[in-house]
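Asks: test case, fold it:
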Amino acid sequence: MNGPINISPMELAEEMSKMQRKLAAGIGTLRGMDDVHFGVTEREEVWRDGKIVLYRYRGHKAPTAKVPLLICYALVNRPYMVDLQEDRSMVKGLLEHGEDVYIIDWGYPDRSDRFLTLEDYIERFIGGAIDYLRKAHGLDAVNLLGICQGGVFSLCYAALNPGKVKNLITMVTPVDFHTHDNMLSNWNREIDVDLLVDTLGNIPADMMNLTYLMLKPWRLFAQKYVGMVDILDDRKAMEDFLRMEKWIFDSPDQAGEAFREFNKQFFQGNGFVNGGVKIGDADVHLGLVEMPILNIFAEQDHLVPPDASRALRDLAGTDDYTELSFKGGHIGIYVSSRAKQVPETIHDWLGKRSR
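Replies: Here you go, the predicted structure:
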């Protein structure tokens, strides 16, 4: 056990004085700040199905890649995390390496979307976007990058439509939902999903956010705001902090029926491992995912533990499987200092498979 912390009255007074100076400076910093913005890269809408929009990113130079790369994000947060700010943008890094980058924006579901299913999200929306890209580029198959839940969707799509995916990249993607250290899955297994959806319809974003915050209550409810005092006099650091806060709480509601299917088949049924995943009337088997796979995960990820992602190695049917881990957490893999390695890694891996 650690002994008591000894601090002299003089040291305590100095700490209090330092905090007062920080707080006073913070008032001036916050008064001088405008609303923080995100999404630094120019983009244009190229395809739409209702609220779902496919955007093409525009870099400072024309892409050199012959096969477009489609990014498929999770439903629970907004996809601009991959293009958060000028010095923290996976999209910008990919464009600088010559990739032709597109992204699906799921929008904000409302009551009219209550009965959207996983088949709608995977076959209708992802499938529609990919068919658009195949036609626009004159290709049989495109590259697909799935992130978190979007990686699960991408695996399902690739298994059902293997001829339309040339290369598959999964990032922080859960495959085995029943690893011992997956707290989120353990919680989900105790939920009466049918009662929840039948009662609420769509699942409120605030409920989802509270669930994720409670996975690390001290760190996410208290510690980060205590630490904010240290940067109150640093405008750039405060802008970064508030931009991340804005993203965290800019969460869409979840379409009720899709939420029901996803939780029952994956969180509760562990369908990739145990079998039984159905998208519409079609069975999903990861053994049919035979295209090259790059599986990237974060070593300190509390939402998708590394072992949950590593399970893909033994379940996928491909002979060309690459696995890479990065230090950091679920979000740090995009916005930390190490995140700059990710676009280069993806580009080099795709480049070796484009020849």
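
Asks: list the contacts of stretch 150-162.
Replies: With CB atoms under 8 Å, 6 or more residues apart in numbering as the test, stretch 150-162 has contacts from 71-75, 104, 118, 121-123, 126-127, 130, 144-146, 164-165, 168, 170-175, 262, 266, 272, 277, 279, 282, 284-286, 288-291, 312. The way it works is simple: take the backbone N, C-alpha and C, and place the C-beta from them, glycine included.

Asks: pull the contacting residues for residue 92.
Replies: 40, 41, 59, 83, 86, 343.

Asks: isn't there a helix covering it?
Replies: Yes: assessed by DSSP: H, G, I helix; E, B strand; the rest coil, residue 92 belongs to a helix.

Asks: can you tell me how far it is from residue 348?
Replies: 17 Å (CB to CB, to the nearest Å).

Asks: residue 315 contacts residue 175, correct?
Replies: Yes: between residue 315 and residue 175 there is a contact at 6.5 Å, judged by CB atoms under 8 Å.

Asks: give me the buried subset of the contacts of residue 92.
Replies: 41, 59, 83, 343 (16 or more other CB atoms under 10 Å).

Asks: that older thread, what's the PyMOL line that selects buried ones from the contacts of stretch 150-162?
Replies: Written as a PyMOL command, the selection of buried residues from the contacts of stretch 150-162, which uses 16+ other CB under 10 Å, is:
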select buried, resi 71+72+73+74+75+104+118+121+122+123+126+127+130+144+145+146+164+165+168+170+171+172+173+174+175+262+266+272+277+279+284+286+288+289+290+291+312
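
Asks: from the contacts of stretch 150-162, which land in helices?
Replies: 118, 127, 130, 262, 272, 312 (DSSP state H).

Asks: ok, now how distant is the first one from residue 257?
Replies: For residue 118, the distance to residue 257 under the criterion CB to CB works out to 8 Å.

Asks: residue 341 belongs to a helix, doesn't it?
Replies: Yes: under three-state DSSP, residue 341 falls within a helix.

Asks: that one contacts residue 326, correct?
Replies: Yes: counting by CB under 8 Å, residue 341 does reach residue 326; the two are 7.0 Å apart.

Asks: who has more neighbours out of those two?
Replies: Neighbours were counted for residue 341 and for residue 326 using other CB atoms under 10 Å; residue 326 has more, 21 against 14.

Asks: hang on, that one packs against residue 346?
Replies: No: contact criterion CB under 8 Å: residue 326 and residue 346 do not qualify, at 11.9 Å.

Asks: common neighbours of the two, please.
Replies: Common neighbours of residue 326 and residue 346 (CB under 8 Å, 6+ apart) are residue 296.

Asks: give me the nearest residue to residue 321, chain neighbours excluded.
Replies: residue 293 (5.1 Å; CB to CB, 6 or more residues apart in numbering).

Asks: hang on, I meant residue 80
Replies: residue 39 (4.6 Å).

Asks: and the one you found, how many neighbours?
Replies: That count, for residue 39 with other CB under 10 Å as the rule, works out to 18.

Asks: so what's residue 335 up against?
Replies: Applying CB under 8 Å, 6+ apart, the residues near residue 335 are 81, 84, 88, 244.

Asks: isn't residue 300 up against residue 327?
Replies: Yes: using CB under 8 Å, residue 300 is in contact with residue 327, at 6.8 Å.

Asks: which of the contacts of residue 335 has the largest number of neighbours?
Replies: residue 84 leads the contacts of residue 335 on contacts (other CB under 10 Å) with 24 neighbours.

Asks: what ranges of the stretch 251-355 of the chain fall below the confidence cut-off?
Replies: Within the stretch 251-355 of the chain, the segments meeting pLDDT under 70 span 334, 336-339, 355.

Asks: try it again at 80.
Replies: Under the criterion pLDDT under 80, the flagged ranges of the stretch 251-355 of the chain are 328-340, 355.

Asks: what does the chain give?
Replies: Judged by pLDDT under 80, the stretches of the chain that qualify are 1-39, 85-87, 212-245, 247-248, 328-340, 355.

Asks: contact partners for the nearest residue to residue 63 once chain neighbours are set aside?
Replies: Leaving aside its sequence neighbours, residue 63 sits nearest to residue 100 (CB to CB, 6+ apart; 3.7 Å). Contacts for residue 100 (CB under 8 Å, 6+ apart) come out as 56, 63, 65, 67, 68, 69.

Asks: what does residue 46 give?
Replies: By CB under 8 Å, 6+ apart, residue 46 lies in contact with 54, 55, 56, 102, 132, 136.

Asks: how about it, secondary structure?
Replies: Under three-state DSSP, residue 46 comes out as strand.

Asks: how near is it to residue 193?
Replies: From residue 46 to residue 193 the distance is 35 Å (CB to CB).

Asks: now swap in residue 315 and tell me
Replies: In terms of CB to CB, residue 315 sits 24 Å off from residue 193.

Asks: which of these two has more residues huddled nearby?
Replies: residue 193 (19 against 15).

Asks: my guess is that one meets residue 265, correct?
Replies: No: with contact defined as CB under 8 Å, residue 193 does not count as touching residue 265 (10.2 Å).
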